[in-house]
Every structure is written in structure tokens, then in C-alpha cells.
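In: quick one: sequence and predicted model below, then my questions.
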Amino acid sequence: MAVYAAQNIFYGKSGLVTDRYVNTWHFKSDSVVQGDYDNLRDLLKDFYTKKNGVWSELCKKLSLGIQTYADVVVYNLDEPKPRVPKYTGRYSGFQTGQSIAMPHEVALCFSFEAAHQSGEAQARRRNRVYVGPFNYDVADNAGRPTLELQTMIYDSGMALKSAADASVSWEWVVWSGTNEEAYDVSHIWVDNSFDTQRRRGLAPTSRLQHTF
């Protein structure tokens, strides 16, 4: 059974190549045909954008500083490095938030792990994605993420697990690069503390300066 890394990539409105916001997810599959990659793209699209009984339309909390499209790029981790993408697909037309943008380094960590096992370092059985960037309306008066934002990410995670469990082709997994093993997701959580992802800082587009 092969393991695949699927990168969900949002782009800044600056148009600069450096202004990208990447979440990397892992899935395993017995066999994949081309149409299955579209299904994987849609699983991630639903995590960020879908709204019905169980999905939260999380995109409406994302920064107005990002484009309203995203790319999903998939790699087969069984292939040698440097790996060529097996698939690149785009989804578009979703709505972002409408309030003032936070600094793009601000993110909220969505964590998930496999069941504890004797003799195994749990840190190797845990993954995370840093959801963001956001607008200021996701923070409360104490500077913490609102319960609404926590709940939306949690609900999207629960829905992703259910959708992947029902999928014929894809199983959402925790990936340990150290062990080179994939593990079933058994636990998810979202804390009420923001994280700083310095690599997501905007590249400058202008400068005020003076030489004496």
C-alpha cells in the first residue's frame, strides 16, 4: 500500500512566489487511477470550504489576503527523491473572511495522532497542520482564538475523518518520516493558542528609506 503526501497550497494576493501557505496531509491507497486524485483534491477542498451538516466552511475565517483558489499537489512517497508530482489539481470560487487581515504568520495548529503503542515514541506517531492565515475576527479580547474558530477546525477534521473512512481509494493517516511508516488517525485536537509560522511572513513590496 503506497503512501501519498498531498499539499494544499493557498496563494497570497501579492502575486509573489514566496507568499504561499502550505498544509501537507498524508493518505494511503492500495491502487490509484487518475480520477482518484480528483477525489483526494475534493477531500481537502471540503476540509477548507464545504458547508453542510458536518462541514464548517472554514474558508470564511481565512485571510482576505489570500486568493480564492488553491492547488492540491500529490506525491507518491514510495518514489525516490527528487519526486515528481503525481497530480496537481485546483479548486476555486470559495469565500474568504471579510475583516482586516492578521499578519500572515499567525496560524492555529490542528493536531492528530495514532494510538499510543508500547515501545514507540509518540512524537513519531503525531502530525499537525498549521491552518491560516486569518483575519482579526478570529481572536477574542484576550488574544486567543475564538471558540468558534477552534470548533470549525475541529468539525472539519471530524468530517474529513468520516469522509476518508467512507472513501474507496483514500485513507487519512499519520506519517512518520523517521520510521517511514503510516499509522491510522485515532485522535484529533485543536488548542486555544495561536502559533507563529515565520516562513509565512509577507515578502516586502515597498520600502521607505533615506541615505545621509
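Out: Perfect, thanks for sending it. Numbers count the residues shown, from 1 in each chain.
In: secondary structure element for the nearest residue to L44 once chain neighbours are set aside?
Out: Closest residue in space to L44, ignoring its immediate chain neighbours: N8 at 4.8 Å, by Cβ to Cβ, 6 or more residues apart in numbering. The C-beta positions use only the backbone N, C-alpha and C, and glycine is treated the same way. Assigned by DSSP states H and E, N8 belongs to strand 2-12.
In: average pLDDT for that strand?
Out: Averaged across strand 2-12, pLDDT comes to 97.
In: what lines up beside that strand in the sheet?
Out: The pairing partners recorded for strand 2-12 under DSSP bridges are strand 20-29 (antiparallel), strand 66-76 (antiparallel).
In: about what we covered before: count the neighbours of the residue nearest to L44 for me.
Out: 22 (other Cβ atoms under 10 Å).
In: what residues are up against it?
Out: 22-25, 44, 47-48, 70-72 (Cβ atoms under 8 Å, 6 or more residues apart in numbering).
In: which of these are buried?
Out: Listed as buried from the contacts of N8 are 22-23, 25, 44, 47-48, 70-72; burial here means 16 or more other Cβ atoms under 10 Å.
In: how many residues are close by the nearest residue to A115 once chain neighbours are set aside?
Out: Nearest in space to A115, with sequence neighbours left out and distances taken as Cβ to Cβ, 6+ apart, is S186 at 4.3 Å. By other Cβ under 10 Å, 13 other residues sit near S186.
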